[in-house]
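Q: Here is a sequence with its predicted model. Questions after.
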Amino acid sequence: MFKKALFRKQQLKFMFFNLIAFTVILTIFGIIIIGQVQRTLFSKSDEELLSFKEMMTEHPSRGFESPLPDDKMDRLPPREERQREHPNPRIIVLKWNKNGEIINQNEIGSSFYESFIKGAQLDKTNLNIITNTTINNLYHFRYLLFETADSEGEIIYTQLLINTDAEQTIIDNFEWLIIVCSIIFIILSISASYILSRKMMKPIIHSWNKQAEFVENASHELRTPLTIIQNKLELLLTEPHEKIMNKFENIALSLSETRRLSKLTSDLLTLARADSAETQLTKQILDVDSFIQKVCAPYIEIAESQDKHFWLNLNCKVSIEADEVRLHQLLVILLDNALKYTSDDDSIGVKTYAEEHKVVLEVSDTGIGIKEENMKYIFDRFYREDKARSRETGGMGLGLSIAQWIAAKHNGTITVFQNNHKGTTFKVKLPK
């Protein structure tokens with residue numbers, strides 16, 4: 001129950017962090033898009049205001065010219081020049097005196113003045129800065145206020161206004177579109193955050209379960225030899241005057257369990273270092289066939305002493321770059337298993353050959369074999385197909401896990417399959 005609550009809490013944290021990340025990204029994206037749209041829509045209006053100001057500053061006495069006559073339409077001047085000569089009719093020119101009074105009422109029309117401009121006040125705050133304003137809280141304009149002089153040399157203020165209702169309508173609609181899309185995106189983000197948090201939790205839960213299983217199995221494997229050693233030593237203490245030869249079996253069993261315990265702790269340390277990526281390989285150039293023959297030499301003698309046939313078929317006359325100690329450990333694990341799970345008159349063989357730019361090493365036997373449905377678990381830690389038999393032979397289910405790690409550390413693979421008649425074959429592939 002506690003574990004589920006802990007996982008649930010962590011999943012909610014991941015979901016919250018993902019949602020915050022999505023929201024921040026969307027907010028920044030929306031601000032950039034809206035700002036860019038505003039700049040793009042108002043750039044034309046601002047350009048026309050600045051062009052009009054330039055025309056009035058350079059030619060204060062020149063008024064608006066009439067359109068070009070028909071006989072000159074076939075040779076129009078450049079657009080920029082026409083824009084200066086014939087400014088946008090949307091632009092309204094207001095002229096203010098120093099007292100803040102409009103002095104060109106006749107030019108702008110009495111109707112427009114009475115309806116919109118009357119009562120307006122001159123604001124010099126944004127002088128020479130293009131600014132947004134609203135008339136009657138209904139119509140949107142952008143204006144540019146700058147200082148000029150009249151024909152008598154008196155200082156006046158000219159205000160250029162251009163209507164931006166169309167641009168503002170587009171911006172308002174776009175903002176609503178962004179809001180609607182944001183709501184939809186937030187809903188999708190919640191769903192995506194939930195799905196991503198579940199996917200992120202899967203490897204954590206898997207690692208947690210594997211760790212718990214590893215600790216449980218390790219504790220069990222350690223407890224058994226420790227219990228045996230403790231019982232035998234306590235039995236020896238009950239008879240302190242007995243001779244060693246009379247307690248030979250108890251001492252031998254204690255030593256056997258001690259060796260088993262030592263091997264177990266060594267294997268556990270190897271796997272722990274493998275998980276933490278602490279162990280580094282020391283690679284060197286190895287002649288494959290010579291190395292295999294050297295490692296197999298003592299096992300040939302052991303097999304003969306157990307009335308088993310050991311054969312070699314070495315056909316890989318190449319060298320590879322590998323860690324000799326770790327590769328030796330891998331081969332020993334496979335050969336030990338082959339000897340453990342074969343009987344009298346069974347055969348054990350080692351074969352090497354090159355295949356698709358890889359060196360292939362096969363260790364096969366005609367022993368009891370592995371059931372096909374169990375082969376996918378054979379490299380799991382502490383997995384033993386027949387626990388009772390493994391206990392008799394001293395197996396702890398860690399050797400093949402170490403062998404798989406060694407192969408992977410060399411950028412290779414290790415697989416297992418059944419022989420045609422009986423027994424199993426382990427195939428190791430290593431890059432040349």
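A: Structure's in. What do you need? Numbering: from 1, shown residues only.
Q: Would you check that residue 271 makes contact with residue 404?
A: No - assessed by Cβ atoms under 8 Å, residue 271 is found out of contact with residue 404, at 10.4 Å. Any C-beta I mention is one placed from the backbone N, CA and C, and that applies to glycine too.
Q: These two - which one has more neighbours?
A: Neighbour count, other Cβ atoms under 10 Å: between residue 271 and residue 404, residue 404 has more, with 22 against 18.
Q: what about the nearest residue to that one once chain neighbours are set aside, how many neighbours?
A: Take residue 404 and drop its neighbours on the chain: the residue closest to it by Cβ to Cβ, 6 or more residues apart in numbering is residue 379, 4.6 Å away. Applying other Cβ under 10 Å, we find 19 other residues in the vicinity of residue 379.
Q: Name the SS class of residue 379, please.
A: coil (DSSP: H, G, I helix; E, B strand; the rest coil).
Q: Per-residue confidence at it, what does it come out as?
A: Residue 379 is assigned a predicted lDDT (pLDDT) of 86.
Q: how near is it to residue 329?
A: Going from residue 379 to residue 329 by Cβ to Cβ, to the nearest Å gives 15 Å.
Q: give me the element residue 148 is part of.
A: Using DSSP states H and E, residue 148 sits within strand 139-149.
Q: can you give me how far that strand is from the chain middle?
A: 53 Å (Cα atoms, centre = their mean, to the nearest Å).
Q: Tell me the helix or strand right after that strand.
A: Next along the chain from strand 139-149, counting by DSSP H and E, comes strand 155-163.
Q: Average pLDDT for the strand holding residue 148, rounded please.
A: What strand 139-149 shows for mean pLDDT is 87.
Q: Who are the packing partners of that strand?
A: helix 2-58, strand 131-135, strand 155-163, helix 165-238 (3 or more Cβ pairs under 8 Å, 6 or more residues apart in numbering; DSSP states H and E).
Q: Show me the contact partners of stretch 12-31.
A: Stretch 12-31 has contacts (Cβ atoms under 8 Å, 6 or more residues apart in numbering) with 178, 182, 185-186, 189-190, 192-194, 196-197, 200-201.
Q: buried ones in it?
A: Using 16 or more other Cβ atoms under 10 Å as the test for burial, stretch 12-31 gives 14, 15, 18, 19, 22, 26, 30.
Q: got it, and stretch 310-317?
A: Result for stretch 310-317 [16+ other Cβ under 10 Å]: buried residues 310, 314, 316.
Q: my guess is the last one meets residue 287, correct?
A: No - applying Cβ under 8 Å as the test, residue 316 and residue 287 come out as separate, 9.2 Å apart.
Q: Give me the below-cutoff pLDDT ranges for this structure.
A: 1-3, 59-88, 110, 217, 220-221, 275-279, 385-396 (pLDDT under 70).
Q: Domain-wise, how is it divided?
A: 2-61+78-171, 281-431 (automatic domain parsing).
Q: okay, the ones you listed, which one's buried deepest?
A: A comparison of those by mean neighbour count, using mean count of other Cβ atoms under 10 Å, puts domain 281-431 on top with a mean of 17.
Q: now the end-to-end length of that one.
A: 15 Å (Cα to Cα, to the nearest Å).
Q: How far does it sit from its chain's centre?
A: For domain 281-431, the separation from the chain centroid amounts to 36 Å (computed by Cα atoms, centre = their mean).
Q: Give the closest residue to residue 342 in space, chain neighbours not counted.
A: Spatially, and ignoring its direct neighbours in sequence, residue 342 is nearest to residue 367 (3.7 Å; Cβ to Cβ, 6+ apart).
Q: In a markdown table: the helices and strands packed on strand 139-149, plus distance to residue 253.
A: Shown next, in a markdown table, are these (distance: least, Cβ to Cβ, whole Å):
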| stretch | distance to residue 253 |
| --- | --- |
| helix 2-58 | 39 |
| strand 131-135 | 94 |
| strand 155-163 | 102 |
| helix 165-238 | 6 |
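Q: re earlier: what separates the residue nearest to residue 404 from residue 406, distance-wise?
A: Distance, residue 379 to residue 406, by Cβ to Cβ: 12 Å.
Q: again with residue 107
A: Distance from residue 107 to residue 406, counting by Cβ to Cβ: 93 Å.
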